[in-house]
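J.: here's a sequence, model it:
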Amino acid sequence: MNTHSNSALAQHAKLKVVPRTIRETFEMLSEINSEGSLETQLSALDWTGVTTHQVYGAFLDRLPESWSVVRHFSKVDPLRHALACLKSAEFQGRVIELILHAYPEKRRLIHVHVPKTAGVDLREQLVRKYPHIHDSQTAQDFGTAPLHRHLSDFSRQVQRSDTIFVTGHIPLKWYITCRLCRHGDKIFSVLRHPRDSLLSLLNYYLQRIRECPSCTESNTRSYAKFLGVTEFPKVMSADEQRQLAKQMLYKEEMMKPNFLTHMLGEGTRDSALELIVRSNIELIPLKEYNNYMMQEWGIESTTSS
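T.: Here you go, the predicted model:
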């Protein structure tokens with residue numbers, strides 16, 4: 001029998017084994033293709049003798065929460081239990097934490113995305129270079145099927161990379177509290193003046209209103225509700241747009257808290273300074289962003305500050 005056949009048999013045998021660790025679970029997910037399903041993949045495994053503790057350890061990376069839970073799930077088909085874990089809000093909400101725990105040897109590239117600071121451009125550039133996970137993929141209303149497909153792609157890519165890229169609107173405090181910031185990892189954030197962030201937010205609102213003045217989309221419909229109207233004029237002069245922006249400034253529902261202190265601290269200047277020093281996060285002014293991308297990654301960006 002040739003080497004290729006031996007390798008194929010070994011891989012087939014490996015797929016028949018139920019994961020025992022969260023890392024083995026991600027490695028299993030790497031075998032799901034666009035035509036396969038999660039249930040089909042798990043059904044191909046041999047679940048004989050798999051315990052409740054193994055399912056918890058492999059799919060949620062923790063112990064059961066109580067003895068009554070162990071007693072309950074000991075009577076449940078472990079395959080069904082595992083599927084429930086993978087489709088659970090807990091798995092979805094903890095997926096970033098689970099990934100980083102599963103691959104401790106990988107360098108972590110953690111981008112704390114302060115809103116309105118070229119985060120979309122940065123993400124689009126770096127996801128081409130590194131296996132990645134974004135916090136939007138952990139949202140509770142984000143479909144589990146797209147998440148599992150992304151994790152399948154991620155798990156294949158991470159086998160060929162020494163770095164994991166994490167990004168999204170996740171506060172620095174969360175990474176510190178979950179003990180995910182380590183010496184030697186790269187933690188960074190792009191910053192801009194709060195005044196400029198506010199102007200950017202107002203321009204974003206106005207752009208969406210110009211695109212959908214009839215408020216048939218959920219976001220413009222919410223703006224109309226906050227401003228006490230049912231729809232917006234199809235055409236507005238520059239002065240009318242300025243007046244509308246002024247109205248928005250007085251609506252707490254539309255005005256975000258200070259982005260910098262909430263993303264880098266707990267809402268105050270002192271808390272932000274505390275966590276900045278503790279984490280040794282790298283802070284890049286937005287006006288230096290294009291130079292930073294070129295110097296750090298050799299990526300040419302033309303984002304305007």
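J.: from Tyr175, how far off is the most centrally placed residue in the chain?
T.: In the chain, the residue lying closest to the centroid (C-alpha atoms, centre = their mean) is Asp135, at 1.9 Å. Distance of Asp135 to Tyr175, given as C-beta to C-beta, to the nearest Å: 11 Å. Every residue, glycine included, has its C-beta placed from N, CA and C.
J.: what of Leu249?
T.: Separation of Leu249 from Tyr175 (C-beta to C-beta) stands at 32 Å.
J.: buried residues in the helix or strand encompassing Trp174, which are they?
T.: Here Trp174, judged by DSSP states H and E, is contained in helix 172-177. The neighbour-count check on helix 172-177 (16 or more other C-beta atoms under 10 Å) flags Leu172, Lys173, Tyr175, Ile176 as buried.
J.: neighbours around Val17, how many?
T.: For Val17, the neighbour count with other C-beta atoms under 10 Å is 11.
J.: my read: it touches Ala44, true?
T.: No - between Val17 and Ala44 there is no contact under C-beta atoms under 8 Å: 10.5 Å.
J.: and the top helix by length along the chain, what's buried?
T.: For the chain, the helix that runs over the most residues, judged by DSSP state H, is helix 194-211. Judged by neighbour count using 16+ other C-beta under 10 Å, the buried positions of helix 194-211 are Ser197, Leu198, Leu201, Leu202, Tyr205, Leu206, Ile209.
J.: what helices or strands is the helix holding Trp174 leaning on?
T.: Packing partners of helix 172-177 (3 or more C-beta pairs under 8 Å, 6 or more residues apart in numbering; DSSP states H and E): strand 186-191, helix 269-279.
J.: of the ones you listed, flag the one that's most buried.
T.: Of all the helices and strands packed on helix 172-177, strand 186-191 has the most neighbours on average by mean count of other C-beta atoms under 10 Å, namely a mean of 19.
J.: chain center to that one: distance?
T.: On the basis of C-alpha atoms, centre = their mean, to the nearest Å, strand 186-191 sits 16 Å off its chain's mean C-alpha point.
J.: then stretch 196-204?
T.: Relative to its chain's centre, stretch 196-204 lies at 23 Å (C-alpha atoms, centre = their mean).
J.: give me the residue ranges of this structure where confidence is low.
T.: Within the chain, the segments meeting pLDDT under 70 span 1-15, 33-36, 140-144, 257, 304-305.
J.: now do the strands in it.
T.: Secondary structure of the chain (DSSP state E): strands at 107-111, 132-134, 163-167, 186-191, 282-285.
J.: quick one: closest of these to Val76.
T.: Closest of the strands of the chain to Val76 is strand 132-134, at 29.3 Å (criterion: C-beta to C-beta).
J.: who touches that closest one?
T.: With contacts defined as C-beta atoms under 8 Å, 6 or more residues apart in numbering, strand 132-134 is touched by Val95, Ile96, Ile99, Arg123, Leu126, His150, Phe154, Ile164, Phe165, Val166, Thr167, Gly168.
J.: which two of those have the greatest separation?
T.: Farthest apart among those by C-beta to C-beta are Val95 and Leu126. That separation is 18.5 Å.
J.: please tell me I have it right and Lys251 contacts Leu227.
T.: Yes - between Lys251 and Leu227 there is a contact at 6.8 Å, judged by C-beta under 8 Å.
J.: show me which of the two is the more surrounded one.
T.: Between Lys251 and Leu227, Leu227 has the larger neighbour count (other C-beta under 10 Å), namely 17 against 12.
J.: show me what contacts the more buried one?
T.: Contacts of Leu227 (C-beta under 8 Å, 6+ apart): Leu244, Gln247, Met248, Lys251.
J.: output stretch 27-34 as PDB, restricted to C-alpha atoms.
T.: Output of stretch 27-34 as PDB, limited to C-alpha atoms (Å, rounded to 0.1, in the frame of the first residue of the first chain):
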ATOM      1  CA  GLU A  27      -9.600  20.400  13.900                       C
ATOM      2  CA  MET A  28     -12.700  18.300  13.300                       C
ATOM      3  CA  LEU A  29     -14.600  21.400  12.100                       C
ATOM      4  CA  SER A  30     -11.800  22.000   9.500                       C
ATOM      5  CA  GLU A  31     -13.100  18.900   7.700                       C
ATOM      6  CA  ILE A  32     -16.600  20.300   7.000                       C
ATOM      7  CA  ASN A  33     -16.900  21.400   3.400                       C
ATOM      8  CA  SER A  34     -19.500  23.700   1.800                       C
END
